[in-house]
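Trainee: I'd like to go over a predicted model; first the sequence, then the structure.
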Amino acid sequence: MRRSILTILLSLLIVSLGAHPWKPRHYVIIDSDGGIDDLKAICMLMASPDVRILAITASDGFHRAPVAYEKLRGLADGLHHEGLPVARPGEAISLIEKMLASETTPVKFLALGSLSAAAEAMKQAPSFAGKVKQIYWSNSGLPGKEGSNYKTDPVAAEMVLAGTIPVIVTGGGGNGFYDEYLLDAIGQTHSPYAGRVKELINSMPGHSFVFTAFDEMVPLMLHFPELFSETGNGEKNSYRIPADISSLREASLKMLRGETVERMQTIKRMPADTAFYMADIQPFVTEIRNRYGEDEWTSGVIANELHRHLGVYAIIGVKMGIRAREYFCTGVDEMYVTTHAGSTPPLSCMNDGIQVSTGATPGHGLLTVSSEKPSFAAADFTHKDRIIRVTLKKELADKISGELKEINFIYGLDSDIYWELVRQNSIKYWLLFDRHEIFEIEIIK
(Lines give C-alpha, C1' and ligand atoms only; values in the text may rest on other atoms or scores of the structure.)
Protein backbone atom coordinates (compact mmCIF):
# COMPACT_ATOMS: atom_id res chain seq x y z
CA MET A 1 0.00 0.00 0.00
CA ARG A 2 2.81 2.37 0.98
CA ARG A 3 4.63 1.58 -2.26
CA SER A 4 1.45 2.29 -4.26
CA ILE A 5 1.02 5.70 -2.65
CA LEU A 6 4.65 6.56 -3.36
CA THR A 7 4.22 5.46 -6.97
CA ILE A 8 1.16 7.68 -7.39
CA LEU A 9 2.92 10.66 -5.82
CA LEU A 10 5.96 10.13 -8.03
CA SER A 11 3.73 9.93 -11.10
CA LEU A 12 2.03 13.18 -10.19
CA LEU A 13 5.41 14.79 -9.63
CA ILE A 14 6.63 13.65 -13.04
CA VAL A 15 3.49 14.98 -14.70
CA SER A 16 3.83 18.34 -12.95
CA LEU A 17 7.50 18.63 -13.87
CA GLY A 18 6.72 17.96 -17.52
CA ALA A 19 3.75 20.29 -17.74
CA HIS A 20 4.90 23.79 -16.88
CA PRO A 21 1.76 25.82 -17.57
CA TRP A 22 3.59 28.58 -19.42
CA LYS A 23 6.73 27.06 -20.93
CA PRO A 24 6.30 26.66 -24.69
CA ARG A 25 6.89 23.27 -26.27
CA HIS A 26 8.64 24.73 -29.29
CA TYR A 27 11.75 26.91 -29.18
CA VAL A 28 12.58 27.78 -32.76
CA ILE A 29 14.95 29.62 -35.05
CA ILE A 30 13.38 30.56 -38.39
CA ASP A 31 15.18 31.00 -41.69
CA SER A 32 13.18 32.65 -44.48
CA ASP A 33 13.50 34.08 -47.97
CA GLY A 34 10.76 36.62 -47.23
CA GLY A 35 8.11 35.17 -49.55
CA ILE A 36 4.46 35.89 -48.87
CA ASP A 37 3.85 32.33 -47.65
CA ASP A 38 6.83 32.72 -45.29
CA LEU A 39 5.30 35.85 -43.81
CA LYS A 40 1.93 34.16 -43.27
CA ALA A 41 3.66 31.19 -41.62
CA ILE A 42 5.67 33.48 -39.33
CA CYS A 43 2.49 35.30 -38.31
CA MET A 44 1.05 31.95 -37.23
CA LEU A 45 4.19 31.18 -35.22
CA MET A 46 4.19 34.61 -33.58
CA ALA A 47 0.54 34.20 -32.64
CA SER A 48 1.04 30.86 -30.88
CA PRO A 49 1.94 31.03 -27.17
CA ASP A 50 3.27 27.49 -27.56
CA VAL A 51 6.20 28.82 -29.64
CA ARG A 52 9.17 30.90 -28.60
CA ILE A 53 10.96 32.45 -31.58
CA LEU A 54 14.60 32.90 -30.66
CA ALA A 55 15.69 34.53 -33.91
CA ILE A 56 14.88 34.94 -37.59
CA THR A 57 17.47 34.87 -40.37
CA ALA A 58 17.20 35.86 -44.03
CA SER A 59 18.44 33.80 -46.97
CA ASP A 60 18.39 33.99 -50.74
CA GLY A 61 15.38 32.41 -52.36
CA PHE A 62 12.16 33.99 -53.59
CA HIS A 63 13.82 37.28 -52.58
CA ARG A 64 17.50 38.00 -52.29
CA ALA A 65 18.64 38.05 -48.66
CA PRO A 66 18.78 41.89 -48.31
CA VAL A 67 15.19 42.23 -49.54
CA ALA A 68 14.08 39.28 -47.40
CA TYR A 69 15.66 40.94 -44.35
CA GLU A 70 13.71 44.15 -44.92
CA LYS A 71 10.44 42.23 -45.24
CA LEU A 72 11.12 40.16 -42.12
CA ARG A 73 12.25 43.13 -40.05
CA GLY A 74 9.23 45.07 -41.27
CA LEU A 75 6.90 42.24 -40.30
CA ALA A 76 8.33 42.02 -36.79
CA ASP A 77 8.34 45.76 -36.22
CA GLY A 78 4.84 46.15 -37.64
CA LEU A 79 3.58 43.65 -35.07
CA HIS A 80 5.44 45.56 -32.30
CA HIS A 81 8.15 42.90 -31.88
CA GLU A 82 10.98 45.40 -32.26
CA GLY A 83 13.19 43.41 -29.90
CA LEU A 84 12.90 40.14 -31.81
CA PRO A 85 16.37 39.42 -33.30
CA VAL A 86 16.36 39.40 -37.11
CA ALA A 87 19.78 38.86 -38.67
CA ARG A 88 21.05 41.12 -41.40
CA PRO A 89 22.67 39.40 -44.39
CA GLY A 90 26.08 38.11 -43.35
CA GLU A 91 25.15 37.99 -39.64
CA ALA A 92 22.95 34.90 -39.63
CA ILE A 93 25.49 32.37 -38.35
CA SER A 94 26.74 34.58 -35.54
CA LEU A 95 23.16 35.22 -34.40
CA ILE A 96 22.27 31.52 -34.61
CA GLU A 97 25.32 30.61 -32.52
CA LYS A 98 24.61 33.35 -29.98
CA MET A 99 21.01 32.24 -29.46
CA LEU A 100 21.84 28.54 -29.31
CA ALA A 101 24.77 28.99 -26.94
CA SER A 102 22.56 30.76 -24.40
CA GLU A 103 19.58 28.38 -24.69
CA THR A 104 19.15 25.35 -22.44
CA THR A 105 16.01 24.05 -24.16
CA PRO A 106 16.27 21.87 -27.31
CA VAL A 107 15.66 23.98 -30.40
CA LYS A 108 13.95 23.31 -33.73
CA PHE A 109 15.25 24.98 -36.89
CA LEU A 110 12.50 26.00 -39.30
CA ALA A 111 13.73 26.44 -42.88
CA LEU A 112 10.99 28.20 -44.86
CA GLY A 113 13.20 28.59 -47.91
CA SER A 114 16.40 26.83 -48.89
CA LEU A 115 18.63 24.85 -46.53
CA SER A 116 21.57 27.22 -47.08
CA ALA A 117 21.52 28.70 -43.58
CA ALA A 118 21.13 25.28 -41.97
CA ALA A 119 24.10 23.94 -43.96
CA GLU A 120 26.29 26.90 -43.02
CA ALA A 121 25.27 26.64 -39.38
CA MET A 122 26.13 22.94 -39.34
CA LYS A 123 29.64 23.87 -40.52
CA GLN A 124 30.27 27.10 -38.63
CA ALA A 125 28.06 27.24 -35.51
CA PRO A 126 29.52 24.94 -32.82
CA SER A 127 26.25 24.75 -30.87
CA PHE A 128 24.09 23.77 -33.85
CA ALA A 129 24.65 20.01 -33.78
CA GLY A 130 24.12 19.76 -30.03
CA LYS A 131 21.19 22.13 -29.54
CA VAL A 132 19.12 21.66 -32.72
CA LYS A 133 17.15 18.43 -32.43
CA GLN A 134 15.03 18.70 -35.60
CA ILE A 135 14.95 20.65 -38.83
CA TYR A 136 11.55 21.43 -40.37
CA TRP A 137 11.83 22.26 -44.06
CA SER A 138 9.16 23.46 -46.47
CA ASN A 139 9.69 21.78 -49.81
CA SER A 140 7.77 19.78 -52.39
CA GLY A 141 8.61 16.23 -51.44
CA LEU A 142 11.66 14.34 -50.24
CA PRO A 143 14.27 14.44 -51.64
CA GLY A 144 12.17 16.94 -53.59
CA LYS A 145 14.73 17.76 -56.25
CA GLU A 146 12.05 19.49 -58.31
CA GLY A 147 10.99 21.71 -55.42
CA SER A 148 11.91 25.39 -55.64
CA ASN A 149 13.46 25.42 -52.18
CA TYR A 150 15.66 22.47 -53.14
CA LYS A 151 16.67 24.08 -56.42
CA THR A 152 17.73 27.31 -54.69
CA ASP A 153 20.71 25.50 -53.14
CA PRO A 154 20.92 21.77 -54.03
CA VAL A 155 24.37 21.36 -52.45
CA ALA A 156 23.16 22.66 -49.10
CA ALA A 157 20.04 20.49 -49.29
CA GLU A 158 22.04 17.32 -49.93
CA MET A 159 24.44 18.14 -47.11
CA VAL A 160 21.69 18.75 -44.54
CA LEU A 161 19.63 15.72 -45.60
CA ALA A 162 22.73 13.54 -45.26
CA GLY A 163 23.56 14.95 -41.82
CA THR A 164 22.76 13.61 -38.38
CA ILE A 165 19.86 15.97 -37.55
CA PRO A 166 16.43 14.58 -38.56
CA VAL A 167 14.68 16.62 -41.24
CA ILE A 168 10.89 16.76 -41.42
CA VAL A 169 9.72 18.00 -44.81
CA THR A 170 6.27 19.34 -45.58
CA GLY A 171 4.68 21.96 -47.79
CA GLY A 172 2.53 20.33 -50.46
CA GLY A 173 -1.20 19.72 -50.56
CA GLY A 174 -2.41 23.17 -49.59
CA ASN A 175 -3.82 24.47 -52.88
CA GLY A 176 -6.94 26.58 -52.28
CA PHE A 177 -6.35 26.39 -48.53
CA TYR A 178 -7.64 29.91 -47.93
CA ASP A 179 -11.20 29.35 -49.04
CA GLU A 180 -14.17 31.65 -48.46
CA TYR A 181 -14.90 30.17 -45.04
CA LEU A 182 -11.33 30.55 -43.77
CA LEU A 183 -10.93 34.07 -45.13
CA ASP A 184 -14.17 35.13 -43.45
CA ALA A 185 -13.11 33.54 -40.15
CA ILE A 186 -9.70 35.24 -40.30
CA GLY A 187 -11.44 38.54 -40.94
CA GLN A 188 -13.52 38.09 -37.79
CA THR A 189 -10.51 37.17 -35.63
CA HIS A 190 -9.46 40.16 -33.53
CA SER A 191 -5.75 39.49 -33.52
CA PRO A 192 -2.93 41.53 -35.08
CA TYR A 193 -1.55 38.33 -36.61
CA ALA A 194 -4.84 37.44 -38.27
CA GLY A 195 -5.08 41.03 -39.47
CA ARG A 196 -1.62 40.84 -41.01
CA VAL A 197 -2.40 37.55 -42.77
CA LYS A 198 -5.54 39.12 -44.21
CA GLU A 199 -3.51 42.12 -45.43
CA LEU A 200 -0.96 39.82 -47.10
CA ILE A 201 -3.69 37.89 -48.91
CA ASN A 202 -5.46 41.07 -49.98
CA SER A 203 -2.20 42.45 -51.34
CA MET A 204 -2.20 39.86 -54.16
CA PRO A 205 -5.87 38.99 -54.81
CA GLY A 206 -5.23 38.05 -58.44
CA HIS A 207 -2.49 35.54 -57.71
CA SER A 208 -3.66 32.01 -56.93
CA PHE A 209 -0.56 31.21 -54.84
CA VAL A 210 -1.63 33.67 -52.17
CA PHE A 211 -4.56 31.33 -51.38
CA THR A 212 -2.21 28.34 -51.11
CA ALA A 213 -0.76 27.13 -47.81
CA PHE A 214 2.81 26.07 -48.51
CA ASP A 215 5.22 27.34 -45.85
CA GLU A 216 2.24 27.51 -43.49
CA MET A 217 2.35 23.72 -43.37
CA VAL A 218 5.51 23.95 -41.24
CA PRO A 219 3.88 25.66 -38.22
CA LEU A 220 0.79 23.49 -38.69
CA MET A 221 2.95 20.36 -38.72
CA LEU A 222 4.81 21.61 -35.65
CA HIS A 223 1.59 21.98 -33.67
CA PHE A 224 -0.74 19.37 -35.17
CA PRO A 225 1.31 16.41 -36.49
CA GLU A 226 -1.73 14.16 -36.14
CA LEU A 227 -3.32 15.99 -39.09
CA PHE A 228 -0.53 14.84 -41.42
CA SER A 229 0.35 11.44 -42.86
CA GLU A 230 3.96 10.31 -43.16
CA THR A 231 5.60 8.90 -46.24
CA GLY A 232 8.80 6.88 -46.05
CA ASN A 233 10.05 3.78 -44.32
CA GLY A 234 10.82 5.04 -40.86
CA GLU A 235 14.06 6.64 -41.98
CA LYS A 236 15.72 9.62 -40.28
CA ASN A 237 14.13 12.10 -42.67
CA SER A 238 10.44 12.08 -43.51
CA TYR A 239 7.89 13.84 -45.71
CA ARG A 240 4.55 14.76 -44.16
CA ILE A 241 1.43 15.23 -46.30
CA PRO A 242 -1.72 17.02 -45.08
CA ALA A 243 -4.30 14.38 -44.25
CA ASP A 244 -7.24 16.58 -43.28
CA ILE A 245 -7.37 20.00 -44.92
CA SER A 246 -10.64 20.95 -43.24
CA SER A 247 -9.18 20.30 -39.79
CA LEU A 248 -5.99 22.12 -40.75
CA ARG A 249 -8.04 25.20 -41.60
CA GLU A 250 -9.52 25.08 -38.10
CA ALA A 251 -6.03 24.51 -36.71
CA SER A 252 -4.72 27.61 -38.47
CA LEU A 253 -7.49 29.66 -36.85
CA LYS A 254 -6.60 28.19 -33.49
CA MET A 255 -3.02 29.35 -33.97
CA LEU A 256 -3.96 32.85 -35.13
CA ARG A 257 -6.26 33.20 -32.12
CA GLY A 258 -3.47 32.16 -29.75
CA GLU A 259 -5.41 29.12 -28.57
CA THR A 260 -2.62 26.54 -28.79
CA VAL A 261 -2.25 26.36 -24.99
CA GLU A 262 -4.57 26.81 -22.04
CA ARG A 263 -3.72 30.26 -20.70
CA MET A 264 -5.75 30.06 -17.48
CA GLN A 265 -5.08 27.94 -14.42
CA THR A 266 -8.44 27.59 -12.65
CA ILE A 267 -11.00 28.62 -15.26
CA LYS A 268 -11.04 27.79 -18.95
CA ARG A 269 -11.38 31.34 -20.25
CA MET A 270 -12.58 34.79 -19.33
CA PRO A 271 -16.31 35.00 -20.18
CA ALA A 272 -17.23 36.89 -23.33
CA ASP A 273 -20.81 37.46 -22.17
CA THR A 274 -20.92 41.10 -21.09
CA ALA A 275 -23.59 40.29 -18.51
CA PHE A 276 -20.84 38.57 -16.50
CA TYR A 277 -19.27 41.95 -15.69
CA MET A 278 -20.30 44.91 -13.55
CA ALA A 279 -22.95 47.18 -15.07
CA ASP A 280 -20.69 50.21 -15.55
CA ILE A 281 -18.09 48.26 -17.51
CA GLN A 282 -20.50 46.18 -19.63
CA PRO A 283 -20.77 48.77 -22.45
CA PHE A 284 -16.99 48.70 -22.96
CA VAL A 285 -16.14 45.00 -22.63
CA THR A 286 -16.37 44.01 -26.29
CA GLU A 287 -14.62 47.10 -27.61
CA ILE A 288 -11.70 46.80 -25.19
CA ARG A 289 -11.28 43.10 -26.01
CA ASN A 290 -11.43 43.64 -29.76
CA ARG A 291 -9.17 46.68 -29.71
CA TYR A 292 -6.41 45.43 -27.40
CA GLY A 293 -6.73 41.65 -27.43
CA GLU A 294 -7.68 38.89 -25.05
CA ASP A 295 -4.38 38.99 -23.19
CA GLU A 296 -4.79 42.60 -22.10
CA TRP A 297 -8.43 42.08 -21.21
CA THR A 298 -7.80 38.99 -19.10
CA SER A 299 -4.78 40.56 -17.38
CA GLY A 300 -6.77 43.72 -16.70
CA VAL A 301 -9.64 41.84 -15.08
CA ILE A 302 -7.32 39.75 -12.90
CA ALA A 303 -5.16 42.74 -11.94
CA ASN A 304 -8.13 44.76 -10.78
CA GLU A 305 -9.55 41.83 -8.82
CA LEU A 306 -6.14 41.41 -7.19
CA HIS A 307 -6.03 45.14 -6.57
CA ARG A 308 -9.55 45.08 -5.09
CA HIS A 309 -10.66 48.16 -7.00
CA LEU A 310 -10.41 49.54 -10.54
CA GLY A 311 -7.32 51.72 -10.62
CA VAL A 312 -5.82 53.58 -13.54
CA TYR A 313 -2.23 52.78 -12.55
CA ALA A 314 -3.05 49.08 -12.32
CA ILE A 315 -4.35 49.35 -15.90
CA ILE A 316 -1.18 51.23 -16.91
CA GLY A 317 0.89 48.40 -15.41
CA VAL A 318 -1.05 45.79 -17.37
CA LYS A 319 -0.55 47.67 -20.63
CA MET A 320 3.13 48.27 -19.85
CA GLY A 321 3.85 44.62 -19.12
CA ILE A 322 2.14 43.38 -22.27
CA ARG A 323 3.94 46.03 -24.34
CA ALA A 324 7.29 44.77 -23.01
CA ARG A 325 6.36 41.18 -23.80
CA GLU A 326 5.37 42.25 -27.30
CA TYR A 327 8.65 44.05 -27.77
CA PHE A 328 10.67 40.93 -27.01
CA CYS A 329 8.07 38.61 -28.59
CA THR A 330 8.06 36.52 -25.45
CA GLY A 331 5.62 35.04 -22.95
CA VAL A 332 5.02 35.30 -19.22
CA ASP A 333 7.57 34.28 -16.58
CA GLU A 334 10.39 35.12 -19.01
CA MET A 335 11.51 38.59 -17.92
CA TYR A 336 13.05 40.15 -14.86
CA VAL A 337 11.34 43.42 -13.99
CA THR A 338 12.54 46.34 -11.91
CA THR A 339 9.72 48.80 -11.41
CA HIS A 340 10.33 52.47 -10.59
CA ALA A 341 6.79 53.03 -9.32
CA GLY A 342 7.87 52.73 -5.70
CA SER A 343 5.72 51.51 -2.83
CA THR A 344 3.36 54.45 -2.30
CA PRO A 345 -0.12 54.45 -3.86
CA PRO A 346 -1.53 55.39 -6.24
CA LEU A 347 1.60 55.19 -8.42
CA SER A 348 2.73 51.91 -6.87
CA CYS A 349 -0.55 50.33 -7.98
CA MET A 350 1.20 49.99 -11.33
CA ASN A 351 3.21 47.12 -9.82
CA ASP A 352 0.11 44.94 -9.53
CA GLY A 353 -0.69 45.31 -13.21
CA ILE A 354 2.89 44.50 -14.23
CA GLN A 355 2.89 41.34 -12.12
CA VAL A 356 -0.28 39.99 -13.69
CA SER A 357 0.58 40.80 -17.30
CA THR A 358 4.16 39.50 -17.17
CA GLY A 359 4.09 36.78 -14.51
CA ALA A 360 7.02 38.60 -12.91
CA THR A 361 5.88 38.27 -9.31
CA PRO A 362 7.89 38.41 -6.07
CA GLY A 363 6.95 34.76 -5.59
CA HIS A 364 8.71 33.91 -8.85
CA GLY A 365 11.67 36.04 -7.86
CA LEU A 366 11.27 38.09 -11.03
CA LEU A 367 10.02 41.43 -9.67
CA THR A 368 12.00 44.11 -7.85
CA VAL A 369 10.64 47.46 -6.69
CA SER A 370 13.36 50.09 -6.92
CA SER A 371 13.88 52.17 -3.78
CA GLU A 372 15.39 55.08 -5.70
CA LYS A 373 13.59 58.41 -5.42
CA PRO A 374 11.68 59.99 -6.93
CA SER A 375 9.38 57.23 -8.10
CA PHE A 376 7.96 57.48 -11.61
CA ALA A 377 5.75 55.48 -13.97
CA ALA A 378 8.37 53.26 -15.57
CA ALA A 379 9.88 49.79 -15.37
CA ASP A 380 13.01 48.07 -16.67
CA PHE A 381 12.41 44.73 -18.40
CA THR A 382 15.28 42.26 -18.81
CA HIS A 383 14.98 39.43 -21.33
CA LYS A 384 18.06 37.26 -21.78
CA ASP A 385 20.91 39.79 -22.11
CA ARG A 386 18.79 42.76 -23.19
CA ILE A 387 17.14 45.49 -21.11
CA ILE A 388 14.56 48.09 -22.07
CA ARG A 389 12.90 50.80 -20.01
CA VAL A 390 9.22 51.42 -20.69
CA THR A 391 7.99 54.79 -19.40
CA LEU A 392 4.52 56.32 -19.44
CA LYS A 393 4.71 59.51 -21.50
CA LYS A 394 5.19 62.50 -19.22
CA GLU A 395 2.15 64.43 -20.41
CA LEU A 396 -0.08 61.42 -19.65
CA ALA A 397 1.56 60.78 -16.28
CA ASP A 398 1.05 64.44 -15.34
CA LYS A 399 -2.57 64.36 -16.49
CA ILE A 400 -3.41 61.24 -14.46
CA SER A 401 -1.57 62.49 -11.38
CA GLY A 402 -3.29 65.86 -11.59
CA GLU A 403 -6.75 64.31 -11.90
CA LEU A 404 -6.21 62.03 -8.90
CA LYS A 405 -4.89 64.89 -6.77
CA GLU A 406 -7.87 67.06 -7.68
CA ILE A 407 -10.40 64.32 -6.85
CA ASN A 408 -8.60 63.64 -3.57
CA PHE A 409 -8.52 67.36 -2.69
CA ILE A 410 -12.26 67.79 -3.31
CA TYR A 411 -13.64 64.55 -1.88
CA GLY A 412 -10.89 62.87 0.16
CA LEU A 413 -9.78 59.22 0.18
CA ASP A 414 -12.52 58.21 2.61
CA SER A 415 -15.29 59.36 0.29
CA ASP A 416 -17.26 56.91 -1.83
CA ILE A 417 -17.41 59.59 -4.50
CA TYR A 418 -13.60 59.58 -4.72
CA TRP A 419 -13.47 55.85 -5.45
CA GLU A 420 -16.39 56.04 -7.87
CA LEU A 421 -14.64 58.76 -9.89
CA VAL A 422 -11.38 56.78 -9.83
CA ARG A 423 -13.31 53.81 -11.17
CA GLN A 424 -14.84 55.88 -13.97
CA ASN A 425 -11.42 57.23 -14.96
CA SER A 426 -9.94 53.73 -14.94
CA ILE A 427 -12.57 52.41 -17.34
CA LYS A 428 -12.13 55.47 -19.56
CA TYR A 429 -8.36 55.07 -19.80
CA TRP A 430 -8.55 51.31 -20.25
CA LEU A 431 -10.55 52.01 -23.40
CA LEU A 432 -8.69 55.09 -24.65
CA PHE A 433 -5.05 54.26 -23.89
CA ASP A 434 -3.44 52.29 -26.69
CA ARG A 435 -0.36 50.56 -25.29
CA HIS A 436 1.47 51.20 -28.58
CA GLU A 437 1.04 54.96 -28.20
CA ILE A 438 1.28 55.82 -24.51
CA PHE A 439 4.82 54.66 -23.69
CA GLU A 440 8.37 55.67 -24.48
CA ILE A 441 10.74 52.72 -24.94
CA GLU A 442 14.44 53.19 -24.26
CA ILE A 443 17.04 50.51 -24.98
CA ILE A 444 19.24 50.22 -21.88
CA LYS A 445 21.32 47.27 -23.06
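Mentor: Cool, the structure landed.

Trainee: Just confirm Val86 contacts Ala55, I think it does.
Mentor: Yes: with contacts counted by C-beta atoms under 8 Å, Val86 reaches Ala55, the gap being 7.3 Å. Yep, even glycine has a C-beta here, placed from its N, CA and C like the rest.

Trainee: Looking at these two, which is more packed in?
Mentor: Val86 (26 against 19; other C-beta atoms under 10 Å).

Trainee: which residues does that one contact?
Mentor: Neighbouring residues of Val86 by C-beta atoms under 8 Å, 6 or more residues apart in numbering: 55-58, 69, 72-73, 76.

Trainee: Which SSE is immediately downstream of the helix or strand bottoming out on mean pLDDT in the chain?
Mentor: Within the chain, no helix or strand scores below helix 2-17, which has a mean of 43 by mean pLDDT, DSSP states H and E. Heading C-terminal from helix 2-17, the first helix or strand you meet, by DSSP states H and E, is strand 26-32.

Trainee: these two touch, right, Ile96 and Ala117?
Mentor: Yes: if you go by C-beta under 8 Å, Ile96 and Ala117 touch, sitting 7.5 Å apart.

Trainee: Out of the contacts of Val86, flag the one nearest to Leu256.
Mentor: Of all the contacts of Val86, Leu256 sits closest to Ala76, with 16.7 Å by C-beta to C-beta.

Trainee: Leaving aside the residues adjacent along the chain, what's closest to that closest one?
Mentor: Distance criterion C-beta to C-beta, 6 or more residues apart in numbering; nearest residue to Ala76, sequence neighbours excluded, is Leu84 at 4.7 Å.

Trainee: so how many other residues sit close to the one you found?
Mentor: Other residues near Leu84 number 22, with proximity taken as other C-beta under 10 Å.

Trainee: what's near enough to touch it?
Mentor: 53, 55-56, 76, 328-329.

Trainee: where does it land in three-state SS?
Mentor: At Leu84, secondary structure determined by DSSP: H, G, I helix; E, B strand; the rest coil is coil.

Trainee: hang on, the earlier thing: filter the contacts of Val86 down to the ones in strands?
Mentor: For the contacts of Val86, the ones inside strands are 55-58, with DSSP state E as the criterion.

Trainee: Phi, psi for the closest residue to His63 other than its chain neighbours please.
Mentor: Nearest residue to His63 in three dimensions, chain neighbours excluded: Gly34, at 4.3 Å (C-beta to C-beta, 6+ apart). Per-residue torsions, Gly34: phi 80, psi 10 (degrees, to the nearest 10).

Trainee: from memory Gly34 sits against Gly74, does it?
Mentor: No: judged on C-beta under 8 Å, Gly34 makes no contact with Gly74 at a distance of 9.4 Å.

Trainee: buried stuff in stretch 296-315?
Mentor: Buried residues in stretch 296-315, counted by 16 or more other C-beta atoms under 10 Å: 296-304, 307, 310-315.

Trainee: ok, and the most crowded of the contacts of Leu84?
Mentor: Ranked by neighbours (other C-beta under 10 Å), the contacts of Leu84 are led by Ile56, which has 30 neighbours.

Trainee: contacting residues for it?
Mentor: Ile56 sits next to 29-32, 42, 72, 76, 84-87 when contact means C-beta under 8 Å, 6+ apart.

Trainee: so for stretch 274-283, what's the average pLDDT?
Mentor: Stretch 274-283 shows a mean pLDDT of 96.

Trainee: Give me the buried entries from the contacts of Ile56.
Mentor: Among these, the ones that count as buried (16+ other C-beta under 10 Å) are 29-32, 42, 72, 76, 84-87.

Trainee: Contacts for stretch 176-187, please.
Mentor: 194, 197-198, 201, 210-213, 216, 245, 248-249, 252-253, 256.

Trainee: possible to save the contacts of Leu84 as TSV with pLDDT?
Mentor: What follows is the contacts of Leu84, written out as TSV (pLDDT from 0 to 100):
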residue	pLDDT
Ile53	98
Ala55	98
Ile56	98
Ala76	98
Phe328	98
Cys329	97
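
Trainee: which one of those is nearest Gly141?
Mentor: Ile56 (25.4 Å).

Trainee: how much space between the closest one and Ala185?
Mentor: Using C-beta to C-beta, to the nearest Å, Ile56 is found at 27 Å from Ala185.

Trainee: re the thing from before, quick one: common contacting residues for Ile96 and Ala117?
Mentor: Residues touching both Ile96 and Ala117 (C-beta under 8 Å, 6+ apart) are Thr57.

Trainee: Which stretches in the protein count as strands?
Mentor: Assigned by DSSP E, the strands in the chain fall at 26-32, 51-58, 107-111, 132-138, 167-170, 228-231, 238-242, 336-339, 367-369, 378-383, 386-392, 439-443.

Trainee: what's the nearest residue to Arg325 once chain neighbours are set aside in contact with, if anything?
Mentor: Nearest non-adjacent residue to Arg325, counting by C-beta to C-beta, 6+ apart: Thr358, 6.3 Å away. By C-beta under 8 Å, 6+ apart, the contact set of Thr358 is 321-322, 324-325, 332-333, 335, 337, 366, 381.

Trainee: And the pLDDT for Thr358?
Mentor: On pLDDT, Thr358 comes in at 97.

Trainee: And for Glu442?
Mentor: 98.

Trainee: Quick one: residues contacting the closest residue in space to it that isn't next to it in sequence.
Mentor: Distances taken as C-beta to C-beta, 6+ apart put Arg389 closest to Glu442, at 4.5 Å, once the chain neighbours are dropped. Contact partners of Arg389, counting by C-beta under 8 Å, 6+ apart, are 378-381, 441-442, 444.

Trainee: Outline the domain layout of the protein.
Mentor: With domains defined by automatic domain parsing, the chain comprises 22-256, 274-443.

Trainee: what's the straight distance from one end of the last one to the other?
Mentor: It refers to domain 274-443. Terminal residues of domain 274-443 are spaced 39 Å apart (C-alpha to C-alpha, to the nearest Å).

Trainee: for the protein, what are the low-confidence residue spans?
Mentor: Per-residue confidence for the chain (pLDDT under 70) gives these ranges: 1-22, 232-234.

Trainee: hmm, 50 instead?
Mentor: 1, 4-19 (pLDDT under 50).

Trainee: got a list of what the nearest residue to Glu403 once chain neighbours are set aside touches?
Mentor: Excluding its sequence neighbours, the residue lying closest to Glu403 (C-beta to C-beta, 6+ apart) is Asn425, at 6.3 Å. Shown in contact with Asn425 (C-beta under 8 Å, 6+ apart): 312, 400, 403.

Trainee: Closest one of these to Thr286?
Mentor: Within the contacts of Asn425, proximity to Thr286 (C-beta to C-beta) peaks at Val312, which comes in at 21.0 Å.

Trainee: any idea how far Cys43 lies from Gly195?
Mentor: Counting by C-beta to C-beta, the separation of Cys43 from Gly195 is 9 Å.

Trainee: neighbour-wise, which of those two wins?
Mentor: A direct count of neighbours by other C-beta under 10 Å for Cys43 and Gly195 places Cys43 higher, at 26 against 16.
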